[in-house]
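Novice: Whatever this is, show me its structure:
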Amino acid sequence: MNKKRLPLIIVIVGMSILIASIFMESEPPLPDIPQDIQGLFIDSPAVVLPRFTMTDMNGQPFNNSNFMGKWSLVFFGYTNCPDVCPTSMRILDQISRKENIDDDTQYVFISVDPKRDTTKVIKDFVGFFNAKFIGATGEKAEIDKFKDPLGVIYGYEGDTSSADYVVTHFAAIYIIDPNGRARAYVLPPHKVDQVSKSYQLIREHYGE
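Specialist: The predicted model follows:
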């Protein structure tokens, strides 16, 4: 290695470590999770969402900007899901109607089955549970950009060349802050008190 380049490399590495340490120090300590809250896992540090572009249920672009300025509860699934998806959507609807949940909360359904879940299908599905909910999907590559850092896993079982196949998917509800950072997720089986208390805990602890 060129000895003249060595000091520059040392400076760059040192600055990278310094920047990382500053970011880590800016994160508050993890909150205490009460015993009555089950299935809550906190991302520390928060997971910054990568750039992605999908399409919402109204045919409009859906990207990182949609998560700015609001807290979000996000669920990945598909409209043909027979059990966990409808259950989780009903729970999100019940949470949205609770008096102690702030109005600047948005509820987002991301379909991981873009072949069958057109914008119209998603709009009908989401609207069945709550007309104010947001639904979106997109090309698989764009869905994967969004879901990969969150640890979401999904796959297809059966003949995907037909309309008769099953989608297996991770069924957590994700809590995303107003700066587009994933703060935590709640594992199923979901219950209204479990998710709402988890959300309030994260929001109060990391609110800015």
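Novice: So which residues of the protein form strands?
Specialist: 40-48, 53-56, 61-63, 71-77, 105-111, 134-137, 154-158, 165-169, 173-176, 181-186 (DSSP state E).
Novice: Dump those into TSV; add distance to Glu99, mean pLDDT and mean neighbour count as well.
Specialist: Every C-beta, even on glycine, is put in place using the N, C-alpha and C of the backbone. Shown next, in TSV, are these (distance: least, C-beta to C-beta, whole Å; pLDDT from 0 to 100; neighbours: other C-beta atoms under 10 Å):
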stretch	distance to Glu99	mean pLDDT	mean neighbour count
strand 40-48	22	95	16
strand 53-56	28	98	18
strand 61-63	29	98	18
strand 71-77	16	98	23
strand 105-111	13	98	23
strand 134-137	22	98	25
strand 154-158	34	93	12
strand 165-169	32	94	17
strand 173-176	20	98	25
strand 181-186	21	98	22
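Novice: mind checking which of the ones you listed is nearest Glu27?
Specialist: Glu27 sits nearest to strand 40-48 of all the strands of the chain, at 5.1 Å, using C-beta to C-beta.
Novice: residues in contact with the closest one?
Specialist: With C-beta atoms under 8 Å, 6 or more residues apart in numbering as the test, strand 40-48 has contacts from 23-24, 27, 30-31, 33, 149-150, 177, 180-187, 194, 198, 201-202, 206.
Novice: and with 10 Å instead?
Specialist: Contact with strand 40-48 is made by 20, 23-24, 26-31, 33-34, 64, 149-151, 172-177, 179-187, 194-195, 197-199, 201-202, 205-206, as judged by C-beta atoms under 10 Å, 6 or more residues apart in numbering.
Novice: now the residues you listed: which count as buried?
Specialist: Among the contacts of strand 40-48, those classed as buried by 16 or more other C-beta atoms under 10 Å are 33, 150, 172-177, 180-186, 194-195, 197-199, 201-202, 206.
Novice: Where do the helices of the protein begin and end?
Specialist: Applying DSSP state H to the chain gives helices spanning 6-26, 84-96, 119-129, 140-147, 192-206.
Novice: rank the ones you listed by pLDDT, which is bottom?
Specialist: Confidence, taken as mean pLDDT, is least for helix 6-26 of the helices of the chain (a mean of 43).
Novice: Now for the nearest residue to Glu139 once chain neighbours are set aside, how many residues are close by?
Specialist: The shortest distance from Glu139 to any non-neighbouring residue, by C-beta to C-beta, 6 or more residues apart in numbering, is to Pro114 (6.8 Å). Neighbourhood size, Pro114 [other C-beta atoms under 10 Å]: 18.
Novice: Isn't Pro114 up against Asp144?
Specialist: No: using C-beta atoms under 10 Å, Pro114 makes no contact with Asp144, being 11.2 Å away.
Novice: Which neighbours do those two have in common?
Specialist: With C-beta under 10 Å, 6+ apart as the test, Pro114 and Asp144 both reach Gly138.
Novice: any idea how far Lys132 is from Glu142?
Specialist: 24 Å (C-beta to C-beta, to the nearest Å).
Novice: To clarify, my last question referred to Lys191.
Specialist: Per C-beta to C-beta, Lys191 is found 22 Å from Lys132.
Novice: of those two, who's got more company?
Specialist: Lys191 (15 against 11).
Novice: Leaving out chain neighbours, which residue sits closest to that one?
Specialist: Ile91 (7.0 Å).
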